[in-house]
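A.B. asks: I'll drop the sequence and a predicted model, then ask my questions.
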Amino acid sequence: MFLETFLQNLLNALQWGSFYALIALGYTMVYGVLLLINFAHGDIFMVGAYVAFFIATLLLGQYSSPFLPPVLVFAITVVATMVITSGVGVAIERIAYRPLRRKGASRLYVVITALMCGLILENGNLALLGASRRNFPEMLSKTAYNIGGVNFTNVKLLVILTTIAVFILLETIVRKTRLGMAMRAISYDRMAVPLMGIPVDTVIVFTFILGSSMAALAGVLFATAYPVLEPYMGALVGWKAFIAAVLGGIGEIRGAFAGGFLLGFIEIFVAALFPSTLRDLIAFSILLVFLSIKPTGIFGVSRATKI
Amino acid sequence: MRKMALFSVLILISAFALALPAWSADTIKIGFNIPLTGDIPKVGEASKYAAEIRLAEINDAGGLKVGDKAYKLEFVYEDNESKAESATATALKLITQNQVLAIIGPQSSKQAIPAGEVCNANKTPMISPWSTNPKTTENRPYVFRACFLDPFQGPVIAKFASGEFGAKKAAVLYDIASDYPKGLAEFFKEAFEKANGPGSVVAFETFTTKDKDFSAQLTKITKSGADVLFTPQYYDEVPLIVKQSRELGWKGPILGSDSWGSAELMNLCGDACKGLYFSTHYAAAGAKGATKEFIDKYQAKYGYVPDDVAALTWDAINLLCMAVQNTGGLSGNIAKDRDAVKDKLTQVKDFDGITGKMTFSPGGNPSKCAVIVKISDKGEFEFYKSVCP
């Protein structure tokens, strides 16, 4: 009985932590390259979920045919959503962040700009689509399994496995490819990198593409697992994912995953073991204590500011 | 010269103002303090439509007979914009300027609580058809309502859970940051434990507004051995709770409250919510007798099935008319008549409304039955049974 409950909550925590991890990635990569906290990222996640909603409804409604089984629709939705949403991410970088960077504005202004972009996305959605909730269509027929008293669905497994796959993929990109090397180089020394002939803007755009497409992936999976969409859905989750990124050590990909899963675990297990009313109180007290002991997060390294 | 003109106009106006009540001696004015614009214009529209149907019926039949005299009814619809401050201004306008005998509305508690204060202070009877918050009528002898209260709804569901499913143990999942679910969850717990012994609510789990993942709480609930799950949430959270609970292996029934009763619920929840039950004021699908007649009349005239607000407004009008008739004759002195109507409203017994029988106590709250609605396989809210206090 106890083991059952523990395993069940372990699975719950893995799923919940997966979303934090996927969103935290975007925060951490942009920070790693630009030292910018991209506060619009949570809302890019929301945009991803809505884009997926429209693509899926279109595919299921208008072009539903025997040649297009729901699983294929899901695959198309995921890919198309990632492409479109990374377009949104890159557009924000182009319109809002790059002009400020060109003018040499202090990072504080860029952060505020990011916050405003997030609010524009939220309220733009509210103005465009209204406050009514959307029902995300069910593309993967959910099957519930029960093994030894532990219940899980195929969606839950998919979420967890996808997150692990994304982790391996990103680690490879950042560690093994030339672009990844360029990303690390920029985060190491932004002044010297252009002198070496590395196109900084291209690398930055690439970073935004990676981050936004991961947020889009999180959006699709989130909407599949929790099929009620609303314009403010990205605010709270995005904010907590940012905490997860800081917890893991912002700027580190491993940190985003570790922080995301850690936050997921703490939230689920506190709710499971204590009265659920105390969840956020206890969860964030733990995080506060953790950060006061190790302010740089799990994998973070403190670095001196270069002059 | 201009001063003279102004003066004579003023005299004329005041002459008309004085003369008006004399002309309308044979009419009874009733004010409607309803949200015709603002956040919930649909609520105001439903109230007005229900009132228009009833008004035409009464006046076509020769008016309302009070004592041995027949009075024509006149309804004054005033918009409160779904705002608390406008609701008080509207109430004051209806009382002092329009000189109405009584007021129906406002509908939501947010406006009904402040407007109730104005009506009570001005000694004018007010009936809120839809406000379930206890504060609306608290310590206000002139304020009444046509619906049940949350302290009643909780026990109704508790009784239904035990009676229908033989539940000995119950679980509750609710949003601790919102007044309505929190209050109702507590009333349910109290009633259920009173009937089934302390500790029979084996899981009393909470979350906070905007939460999407309830897996930890639902795991606890599933393992707690509860027979039923009660969740007094709104239509945007219910689908998530229902779907996640099924995925986590919850097989028992799930019960809800009147906050479930939105057409939006089935759009969001789909098949998962079919076969579940919730308590509410009235059920349109499967209605019989006078209720069905009302629904048919409304649908024929306005083209859609009336919701609970329309039905409760209908009952509020009839309640008021009955109280006016029971006075046995109006004196023509508005203050005296208002007092008489208030006294008669407190004495209403076994009033047969389309949302159920009502009996009033001096507190201004009716004791009436709640309806348990079953969500049918077609996704309609179907009458299942009524539970009485």
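C.D. replies: Nice, thanks for sending it over.
A.B. asks: tell me where chain B has helices.
C.D. replies: In chain B, the helices defined using DSSP state H lie at B:2-23, B:41-60, B:84-92, B:109-121, B:150-165, B:179-196, B:215-223, B:238-247, B:264-269, B:289-302, B:308-326, B:334-346.
A.B. asks: redo those as JSON lines? Include distance to chain A and mean pLDDT.
C.D. replies: C-beta here means a position set from N, CA and C on the backbone, and glycine is covered the same way. JSON lines is the format used below for the helices of chain B (distance: least, Cβ to the nearest Cβ, whole Å; pLDDT from 0 to 100):
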{"stretch": "helix B:2-23", "distance to chain A": "44", "mean pLDDT": "55"}
{"stretch": "helix B:41-60", "distance to chain A": "13", "mean pLDDT": "90"}
{"stretch": "helix B:84-92", "distance to chain A": "20", "mean pLDDT": "93"}
{"stretch": "helix B:109-121", "distance to chain A": "17", "mean pLDDT": "90"}
{"stretch": "helix B:150-165", "distance to chain A": "19", "mean pLDDT": "88"}
{"stretch": "helix B:179-196", "distance to chain A": "11", "mean pLDDT": "88"}
{"stretch": "helix B:215-223", "distance to chain A": "4", "mean pLDDT": "91"}
{"stretch": "helix B:238-247", "distance to chain A": "5", "mean pLDDT": "92"}
{"stretch": "helix B:264-269", "distance to chain A": "5", "mean pLDDT": "82"}
{"stretch": "helix B:289-302", "distance to chain A": "22", "mean pLDDT": "91"}
{"stretch": "helix B:308-326", "distance to chain A": "19", "mean pLDDT": "92"}
{"stretch": "helix B:334-346", "distance to chain A": "38", "mean pLDDT": "91"}
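A.B. asks: dump those into CSV; add distance to A:I147 and mean neighbour count as well.
C.D. replies: Shown next, in CSV, are the helices of chain B (distance: least, Cβ to Cβ, whole Å; neighbours: other Cβ atoms under 10 Å in any protein chain shown):
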stretch, distance to A:I147, mean neighbour count
helix B:2-23, 80, 9
helix B:41-60, 48, 18
helix B:84-92, 54, 21
helix B:109-121, 48, 23
helix B:150-165, 28, 21
helix B:179-196, 33, 19
helix B:215-223, 15, 25
helix B:238-247, 14, 23
helix B:264-269, 28, 20
helix B:289-302, 49, 15
helix B:308-326, 45, 24
helix B:334-346, 62, 19
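A.B. asks: for residue 250, list the residues it contacts.
C.D. replies: Since you didn't name a chain, this refers to chain A. For A:I250, the contacting residues are A:Y27, A:T28, A:Y31, A:G32, A:G297, A:G300, by Cβ atoms under 8 Å, 6 or more residues apart in numbering or on different chains.
A.B. asks: you looked at the wrong chain, it should be chain B
C.D. replies: Here B:W250 is in contact with B:L218, B:I221, B:T222, B:L229 (Cβ under 8 Å, 6+ apart).
A.B. asks: turn those residues into a markdown table, including distance to A:T153.
C.D. replies: A markdown table is the format used below for the contacts of B:W250 (distance: Cβ to Cβ, whole Å):
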| residue | distance to A:T153 |
| --- | --- |
| B:L218 | 13 |
| B:I221 | 17 |
| B:T222 | 14 |
| B:L229 | 19 |
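A.B. asks: any idea which of those residues is closest to B:P181?
C.D. replies: For the contacts of B:W250, the residue nearest B:P181 by Cβ to Cβ is B:L229; the value is 13.7 Å.
A.B. asks: for the closest residue in space to A:E138 that isn't next to it in sequence, what are its contacts?
C.D. replies: Nearest residue to A:E138 in three dimensions, chain neighbours excluded: A:P227, at 6.9 Å (Cβ to Cβ, 6 or more residues apart in numbering or on different chains). Listed by Cβ under 8 Å, 6+ apart, the contact partners of A:P227 are A:N135, A:F136, A:P137, A:E138, B:P239, B:L240, B:K243, B:L268.
A.B. asks: look up how far A:M183 lies from the nearest residue to B:F381 once chain neighbours are set aside.
C.D. replies: Closest residue in space to B:F381, ignoring its immediate chain neighbours: B:V373 at 4.6 Å, by Cβ to Cβ, 6+ apart. Distance, B:V373 to A:M183, using Cβ to Cβ, to the nearest Å: 57 Å.
A.B. asks: which of the two has more residues huddled nearby?
C.D. replies: B:V373 (27 against 23; other Cβ atoms under 10 Å in any protein chain shown).
A.B. asks: show me what contacts the more buried one?
C.D. replies: Contacts of B:V373 by Cβ under 8 Å, 6+ apart are B:G261, B:Y277, B:F278, B:S279, B:T280, B:A283, B:F381, B:E382, B:F383, B:Y384.
A.B. asks: what are the ranges of the helices in the stretch 201-307 of chain A?
C.D. replies: A:233-248, A:253-273, A:279-293 (DSSP state H, counting those that start in this stretch).
A.B. asks: mind listing what's buried in the longest one?
C.D. replies: In terms of neighbour count (16 or more other Cβ atoms under 10 Å in any protein chain shown), helix A:253-273 has its buried residues at A:253-272.
A.B. asks: quick check: angle from it to helix B:215-223?
C.D. replies: 40 degrees (axes from the mean of the first three to the mean of the last three Cα atoms, to 10 degrees).
A.B. asks: gap between helix A:253-273 and the chain center?
C.D. replies: 14 Å (Cα atoms, centre = their mean, to the nearest Å).
A.B. asks: contacts only, for B:T206.
C.D. replies: Counting by Cβ under 8 Å, 6+ apart, B:T206 has contacts A:P275, A:S276, A:T277, B:L173, B:Y174, B:D175, B:I176, B:Q217.
A.B. asks: now render those residues as CSV, adding distance to B:S108.
C.D. replies: CSV is the format used below for the contacts of B:T206 (distance: Cβ to Cβ, whole Å):
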residue, distance to B:S108
A:P275, 32
A:S276, 29
A:T277, 28
B:L173, 25
B:Y174, 20
B:D175, 19
B:I176, 22
B:Q217, 29
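A.B. asks: how about these, which pair is most distant?
C.D. replies: A:P275 and B:D175 (14.6 Å).
A.B. asks: and the longest strand seen in chain B, what does it pack against?
C.D. replies: Identified as the longest strand of chain B according to DSSP state E is strand B:69-79. Packed against strand B:69-79 by the contact rule (3 or more Cβ pairs under 8 Å, 6 or more residues apart in numbering or on different chains; DSSP states H and E) you find strand B:27-34, helix B:41-60, strand B:64-66, helix B:84-92.
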